[in-house]
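Novice: Next comes the sequence, and after it the predicted model I'd like to discuss.
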Amino acid sequence: MIQNKYIKYAIILVSILIPIVTFYFWQIFYTSNLNVKGKRDFYLLIPTKSANFETVVDSLEANKMVHDVMYFRFLSKLLKYPEHVKPGRYKIKPNAGNYEVIKALRSGNQTAVKLTFNNVRLKQELVEKVAGKFEFDSTEFKRMLNDPEVAKFYGFTPETIVGMFLPNTYEVYWNTTPQKLLGRMKSEYDKFWTAERKAKAKALNLTQDEVITLASIVEAETKKKDEKPRVAGVYLNHLAANEPLRADPTVIFAIGDFGIKRLLHNQLLYQSPYNTYINKGLPPGPINIPEPSSIDAVLNREKHDYMYFCASPKLNGYHIFAVTYQEHLKNAKDYQKALNQLGIKK
């Protein structure tokens with residue numbers, strides 16, 4: 001009888017303890033413990049050189065991201081996370097539980113950095129787009145872009161390598177290396193250059209680098225997609241006639257003053273290999289990173305006899321095209337008149 005009584009008590013005790021223990025572990029696993037009451041995602045950065053558990057805990061505590069560090073440590077050890085710390089960038093959503101975060105950290109399930117290239121004119125601007133987004137030092141990235149041997153490895157020169165960075169948004173891991181980033185961009189570049197695009201470049205008697213360089217001039221001349229093939233056709237007509245391109249954006253690029261609205265005669269004589277008023281052919285490299293639409297505009301250029309164009313006096317972003325120089329002078333005069341009326345001298 002007494003033994004049965006103890007068994008009965010034991011069963012009652014266990015039945016009480018099981019829910020308590022279950023609830024306790026449920027709290028440890030799933031109750032909000034990280035980024036509690038946060039209003040936005042937090043990104044935990046775990047450096048490659050110091051990827052250890054204490055670094056993770058220190059970072060969470062320094063950023064006030066962990067509510068109960070004891071719970072976090074307990075479950076981390078239970079899941080053997082201290083032995084499997086992986087560097088990277090990890091997203092912690094508001095009111096995240098220990099288990100979901102530790103699981104992501106332990107598996108190395110990073111949140112990629114979104115890297116966007118657009119409106120880039122100078123190599124330094126490209127470096128600045130990358131600066132601060134990754135673990136590596138941007139100065140090393142800049143050095144590699146200017147290194148002739150690095151450029152040669154990817155099939156470019158220091159002047160043309162920026163053409164490898166096609167405008168788009170890419171997802172790249174925070175702890176990638178400059179070498180891996182360059183490799184990724186080369187891979188995207190190679191994907192873009194399909195057999196069809198290569199065939200069209202060959203038909204124009206242009207290399208891929210030359211297509212991108214010409215596309216950068218088209219890009220600088222007009223933002224109107226429907227006009228780009230016509231602009232490209234003008235410059236291809238100049239190349240076919242072995243005449244200087246006389247592209248104003250190349251002079252502005254050479255001078256380095258992108259605030260210029262109106263080029264003066266002496267500026268057209270500025271000594272630079274990029275000045276297409278005094279040099280025949282294409283400049284040494286792109287004067288910006290052109291959009292794919294500009295590259296395709298060159299590859300699918302409009303066939304016509306136009307040799308000249310100038311901005312429309314309507315100042316609507318479009319241009320007026322001409323076959324003869326006399327027509328062009330008239331169009332240019334109308335445009336200059338529009339600038340004078342607005343008081344634009346430079």
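Specialist: Done, it's in.
Novice: any residues touching stretch 77-91, and which ones?
Specialist: Contact with stretch 77-91 is made by 41-48, 51-53, 55-56, 76, 99, 101-113, 135, 173-175, as judged by C-beta atoms under 8 Å, 6 or more residues apart in numbering. To be clear about C-beta, it is placed using only N, CA and C from the backbone, and glycine gets the same treatment.
Novice: Quick check on these: which are buried?
Specialist: 42, 44, 46, 53, 55-56, 76, 99, 101-102, 104-106, 110-111, 113, 135, 173-175 (16 or more other C-beta atoms under 10 Å).
Novice: And stretch 88-101, what's buried?
Specialist: 88-92, 96-99, 101.
Novice: and which of those is nearest residue 290?
Specialist: Nearest to residue 290, judged by C-beta to C-beta, of the buried residues of stretch 88-101 is residue 89 at 30.1 Å.
Novice: ok, now which ones touch the residue at minimal distance from the centre of the chain?
Specialist: In the chain, the C-alpha nearest the mean C-alpha coordinate belongs to residue 116, at 2.7 Å (C-alpha atoms, centre = their mean). By C-beta under 8 Å, 6+ apart, the contact set of residue 116 is 129, 168-170.
Novice: If it is in a bridge, with which residues?
Specialist: residue 169 (DSSP bridges).
Novice: Residue 309 is in contact with residue 321, correct?
Specialist: Yes. Between residue 321 and residue 309 there is a contact under C-beta atoms under 8 Å: 4.5 Å.
Novice: which stretches of the stretch 1-150 of the chain have low pLDDT?
Specialist: The model of the stretch 1-150 of the chain has pLDDT under 70 over residues 1-30.
Novice: what are the ranges of the strands in it?
Specialist: Taking DSSP state E, counting those that start in this stretch as the criterion, the stretch 1-150 of the chain carries its strands at 32-34, 42-46, 88-92, 96-97, 113-117.
Novice: Now the terminal residues of stretch 160-171, how far apart.
Specialist: Distance across stretch 160-171, first residue to last, is 24 Å (C-alpha to C-alpha, to the nearest Å).
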